[in-house]
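Trainee: Give me the fold of what follows.
(one chain, ligands or ions: 1)
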Amino acid sequence: MPSLLLFASSFLLLLPGAISSDKEIESDTILLSTGKSKTGRVVYEDDEVVILRNRSKTKEYERAEIDQVDSRVRNLNELLDRLASQGPAIMTNGDALAELAQFAAASRLSGESEALFLAALLANPEQPVALEALGCRERKGSWQYKKGSKWIRTSDLALAVENWKDRWELRSVHYKVESNQPLGQAVESLFDLERFYRAFFEIFQEELHLFEPEESMDFMLHGDNGSYPETTGGRKGWFDSSDLLTHVNATSKPWRDTMFHEATHHMFHMTTVRAKGSKGSIPAWTDEGMAEMLATGLGGEAGFATFDIATPDAKHFRTQTMADKPHDLSRTLNFKADDYRSSVGPALKYAQSYTLVWFVMYGNNGERFPAFMNFMRSAYEGKSSATQFQKDFDIDSKDKFEEEWFEVVSSTSASL
Ligand SMILES: [Zn+2]
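Mentor: Residues are numbered from 1 along each chain as shown. So this is what the prediction gives:
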């Protein structure tokens, strides 16, 4: 553990309105049992190894040779746990938020720290630690916070942000949130996204040997219709793979499920197409099916998202059982991204992509889960065709596999 003095000094360095620097990112430390320490960025951990990246070099360390690991991702997980243990009630407790903001600052989480200090001022516009940390000043008899080039009263931080140009910009280890939602919602979204990241990595990191993405994922959460760049089909959100941005129209509830649906596409893209040396790509049915697993599995209040993807979603199961002519297995495996945007029955395509992912992960007591992970590994290596699917699932008869999928869908549907 760092000494109290170190805590205090790292805290001061980050004031005010700090954004994460390269130094902060590159300062993860592994303490080896030989007494030597290594710094860089921890990009992967499992029970056996820890992988550290320093500039472009990565090095693997066996658990047995490591005494201690200090990483921002570990610190972030601890922060998320501390927030969760206090529950949503903390959002109205300025002192408790400021305390966690200090913990975040000392843990090299400057973006999270800033967001929590801002939340502290929402709860109590005169919270002294937050006022100081954020460089607020007393002007004309009231406390003011400098947002961009404008000074605003801390008691006005909760007011709606009308113009997109006045949006909030918040950062965390993995995300940047730009939003003209009210500040409280923007803060909650930042933490929700980190909770989503953790859930996704818990499912896939070890199985697929996923490294931390190198780039931050940028989310534009639009609190007004005017600033939301509309695409065809009136979608409430979309991941733009050329600009590496996710847009969400957050003007009317529910929109968090849309955010997590798109966050899944964003994450698959960053860990395949955008990952160094990757040949991988995720087939459309898996991409959409998994996105719906996470979107429909959403629980918990804003800022405290939980994901239960094992519980089947009634709507998708019923859409498939009630369809006159559901798509067969071959067609489903060959859906292209554009198929989900066509005017003909997109709901059934989403439903069947979802039930197929659910079936291979959890159907019949999860007996196909290992095969699904084999297939995902193949996809990450650039092999995701229907033929590869057949190989990884060891399918002799496509008809029999399809029959079993349909049976599980109808029996599950009947029980919902
Ligand atoms: Zn989608």
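
Trainee: can you list the residues of the chain near the ion?
Mentor: With C-beta under 5 Å from the ion as the criterion, the chain meets the ion at residues E288, A291. Heads up, the C-betas are built off the backbone N, CA and C, glycines and all.

Trainee: domain assignment for the chain?
Mentor: 1-156, 160-278, 306-415 (automatic domain parsing).

Trainee: now the ones you listed as JSON lines including mean neighbour count?
Mentor: Output for these, formatted as JSON lines (neighbours: other C-beta atoms under 10 Å):
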{"stretch": "domain 1-156", "mean neighbour count": "17"}
{"stretch": "domain 160-278", "mean neighbour count": "19"}
{"stretch": "domain 306-415", "mean neighbour count": "17"}
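
Trainee: Mean pLDDT added to the ones you listed, as a markdown table?
Mentor: Shown next, in a markdown table, are the domains of the chain (pLDDT from 0 to 100):
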| stretch | mean pLDDT |
| --- | --- |
| domain 1-156 | 89 |
| domain 160-278 | 94 |
| domain 306-415 | 96 |
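
Trainee: Now distance to E292 too, for those domains, in TSV please.
Mentor: Shown next, in TSV, are the domains of the chain (distance: least, C-beta to C-beta, whole Å):
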stretch	distance to E292
domain 1-156	24
domain 160-278	7
domain 306-415	4
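
Trainee: Report the central residue of this protein.
Mentor: The centroid of the chain falls nearest to Y197 when counting by C-alpha atoms, centre = their mean (3.1 Å).

Trainee: Now that one: closest residue in space that isn't a chain neighbour?
Mentor: Using C-beta to C-beta, 6 or more residues apart in numbering and skipping residues adjacent in sequence, the residue nearest Y197 is H174, 5.1 Å away.

Trainee: Quick check: the gap between that neighbour and the ion.
Mentor: 20 Å (C-beta to the ion, to the nearest Å).

Trainee: before we move on, what about L159?
Mentor: 34 Å.

Trainee: For that residue, give me its contacts.
Mentor: P182 (C-beta atoms under 8 Å, 6 or more residues apart in numbering).

Trainee: What values do phi and psi take at it?
Mentor: phi -60, psi 150 (degrees, to the nearest 10).

Trainee: same thing with I395?
Mentor: Dihedral angles (degrees, to the nearest 10) for I395: phi -90, psi 120.

Trainee: who are the neighbours in contact with it?
Mentor: F389, F401.

Trainee: quick one, phi psi at the closest residue to the ion within the stretch 1-150 of the chain?
Mentor: Closest to the ion within the stretch 1-150 of the chain is L80: 25.6 Å, counting by C-beta to the ion. Phi and psi for L80, reported as degrees, to the nearest 10, are phi -60, psi -40.

Trainee: In contact with the residue in the stretch 301-416 of the chain that the ion sits nearest to: list those residues for me.
Mentor: Proximity of the stretch 301-416 of the chain to the ion (C-beta to the ion) peaks at Y340, 6.4 Å away. Contacts for Y340 (C-beta under 8 Å, 6+ apart) come out as A284, E288, P346, K349, Y350.

Trainee: make it 10 Å
Mentor: Residues near Y340 by C-beta atoms under 10 Å, 6 or more residues apart in numbering: G233, R235, A284, W285, D287, E288, P346, A347, K349, Y350, S353.

Trainee: host element of E230?
Mentor: For E230, there is no host helix or strand (DSSP states H and E).

Trainee: For T258, see how far away it is.
Mentor: Separation of E230 from T258 (C-beta to C-beta, to the nearest Å): 14 Å.

Trainee: again with D192
Mentor: Taken as C-beta to C-beta, the span from D192 to T258 is 12 Å.

Trainee: Equivalent analysis for A291, please.
Mentor: 10 Å.

Trainee: same deal with V409?
Mentor: 24 Å.

Trainee: show me the contacts for the residue lying closest to Y175 once chain neighbours are set aside.
Mentor: The shortest distance from Y175 to any non-neighbouring residue, by C-beta to C-beta, 6+ apart, is to L193 (4.6 Å). L193 makes contact with 170, 172, 174-177, 217, 219, 221, 246, 259-260, 263, 266, 305, according to C-beta under 10 Å, 6+ apart.

Trainee: In strands, which of the residues you listed appear?
Mentor: L170, Y175, K176, V177, M217, F219, L221, T246 (DSSP state E).

Trainee: Go through those and name the one nearest F401.
Mentor: T246 (33.9 Å; C-beta to C-beta).

Trainee: pretty sure that closest one is touching K236, no?
Mentor: No - at 11.5 Å, T246 does not count as touching K236 under the criterion of C-beta atoms under 10 Å.

Trainee: Find residues that contact each of those two.
Mentor: T258, M259, H261, E262.

Trainee: still on that earlier bit, from what I see, the residue nearest to Y197 and V73 are in contact.
Mentor: Yes - counting by C-beta under 10 Å, H174 touches V73, with 8.6 Å between them.

Trainee: okay but K315 is in contact with A295, surely?
Mentor: No - K315 lies out of contact with A295 (C-beta under 10 Å); the separation is 11.1 Å.

Trainee: Mutual contacts of the two, please.
Mentor: Y350, Y354.

Trainee: residue boundaries of the strands in the stretch 251-400 of the chain?
Mentor: For the stretch 251-400 of the chain, the strands defined by DSSP state E, counting those that start in this stretch occupy 298-299, 306-307.

Trainee: okay, those in CSV with distance to W151 next?
Mentor: Listed next are these as CSV, based on distance: least, C-beta to C-beta, whole Å:
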stretch, distance to W151
strand 298-299, 38
strand 306-307, 38
